[in-house]
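Colleague: give me a 3D structure for the following:
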Amino acid sequence: MSAPESLLLTCSEQAPVQARISFSRSPSGASYISRQHVGYPFHVGRTLSLPDDPVGMAALYLQSCSGGIFAGEHLQAHLHAGPGSQVHVSTGAATVAHSMYEGSARQTFTLEAEAEALLEYLPMATILFPQAHLHSKVCVTLHPGARVMLCDAFSLHAPQGDDGVFSRYRADLEVRCPAGRLLAGDRLAVTGADLPRHAPGMSDRALALATFMVLGHTLPVDCFKSALRATLKGLPDSYAGVSALPNDCGVSVRMMTTDSVALRVALHLAWACSRRLLTGIEPRMRRK
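Modeller: Alright, predicted model coming up:
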């Protein structure tokens, strides 16, 4: 769902930024980390060259040393893809949003892709424990000629013997041009009481949800919509809707699945379809 600019939060935050990572393209064509400042709780290893990635693409796993997200935290990371670079950023594992009895938590990722860059920010889903209360934001600055893929996803989990559900999950996604003008925005808010009701027309049996976007100006939007709809049609335990974003800035997919396994499959298929359309190469499944 889109929201007017006046209703969207800006991504200028006063809290410290724990991770700033910039990527550049070398004269040989390979992408690499050209600048990084990473502090607790984030940790990064070396960049990887993975099978079935475009030649020169840098893959990076952004990990957490703390074991998840806790009440009172405001985690922030900035990812910058320089001109012509190709970058895939993911997480080493799903992120746990722990039970939060004394407050909420926030997580903000700011992405910037410069001219002719391809930036993929595809973290694994956040796992919401009982009483978790999390606000997730992804803010994109999209330069002319850039391509960005991103997702925001969550699923439910309760330890054995605990029948509680999360308190609240809110996700804000916004896409802006370099001058700061809002191109597209998406806002989602759901409480723990919403999904387990299995209400027809709302969530039915779904206990996991994701928003996936392919961003870029002058994309063949109709081609992307048709391909994504065909790819995601008829998946068991899944429901997906595909639509064009305003201001010629890309395509959005909303997915609802019965569990995290079905969500992982649907997200991989959407990523593989989009990667093939952008680069001619499909990635292999990386997480079992």
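
Colleague: the stretch 151-288 of the chain: strands as residue ranges?
Modeller: 168-176, 182-191, 208-215, 238-244, 250-257 (DSSP state E, counting those that start in this stretch).

Colleague: give me the sheet partners of the second one and which way each runs.
Modeller: This means strand 182-191. strand 168-176 (antiparallel) (DSSP bridges).

Colleague: which residues touch the strand it pairs with?
Modeller: 8-9, 11, 104, 126, 128, 132-142, 150, 152, 154, 182-192, 211, 213, 215, 245, 249-250 (C-beta atoms under 8 Å, 6 or more residues apart in numbering). The way it works is simple: take the backbone N, C-alpha and C, and place the C-beta from them, glycine included.

Colleague: in stretch 269-282, which residues are buried?
Modeller: For stretch 269-282, burial by neighbour count (16 or more other C-beta atoms under 10 Å) applies to 269-275, 277-279.

Colleague: could these go into CSV alongside pLDDT?
Modeller: CSV is the format used below for the buried residues of stretch 269-282 (pLDDT from 0 to 100):
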residue, pLDDT
Leu269, 97
Ala270, 97
Trp271, 97
Ala272, 97
Cys273, 97
Ser274, 98
Arg275, 97
Leu277, 97
Leu278, 97
Thr279, 96
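
Colleague: okay, the strands of the stretch 151-288 of the chain in a markdown table with mean neighbour count and mean pLDDT next?
Modeller: Below are the strands of the stretch 151-288 of the chain laid out as a markdown table (neighbours: other C-beta atoms under 10 Å; pLDDT from 0 to 100):
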| stretch | mean neighbour count | mean pLDDT |
| --- | --- | --- |
| strand 168-176 | 22 | 97 |
| strand 182-191 | 17 | 94 |
| strand 208-215 | 23 | 96 |
| strand 238-244 | 17 | 95 |
| strand 250-257 | 23 | 96 |
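
Colleague: picking up where we left off before, closest one of the buried residues of stretch 269-282 to Val261?
Modeller: Leu269 (13.1 Å; C-beta to C-beta).

Colleague: hang on, that closest one packs against Thr231?
Modeller: Yes. If you go by C-beta atoms under 8 Å, Leu269 and Thr231 touch, sitting 5.1 Å apart.

Colleague: one step back: now distance to Ala117 too, for the strands of the stretch 151-288 of the chain, in TSV please.
Modeller: Compiled in TSV, the strands of the stretch 151-288 of the chain are given as follows (distance: least, C-beta to C-beta, whole Å):
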stretch	distance to Ala117
strand 168-176	15
strand 182-191	17
strand 208-215	11
strand 238-244	22
strand 250-257	14
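
Colleague: so who does Gly47 touch?
Modeller: Small correction: residue 47 is Thr, not Gly. 31-33, 58-60.

Colleague: so of those, which ones are in strands?
Modeller: Taking DSSP state E, the ones among the contacts of Thr47 that sit in strands are 31-33, 58-60.

Colleague: top of the residues you listed by neighbour count?
Modeller: The most crowded member of these, judged by other C-beta atoms under 10 Å, is Ser31 (26 neighbours).
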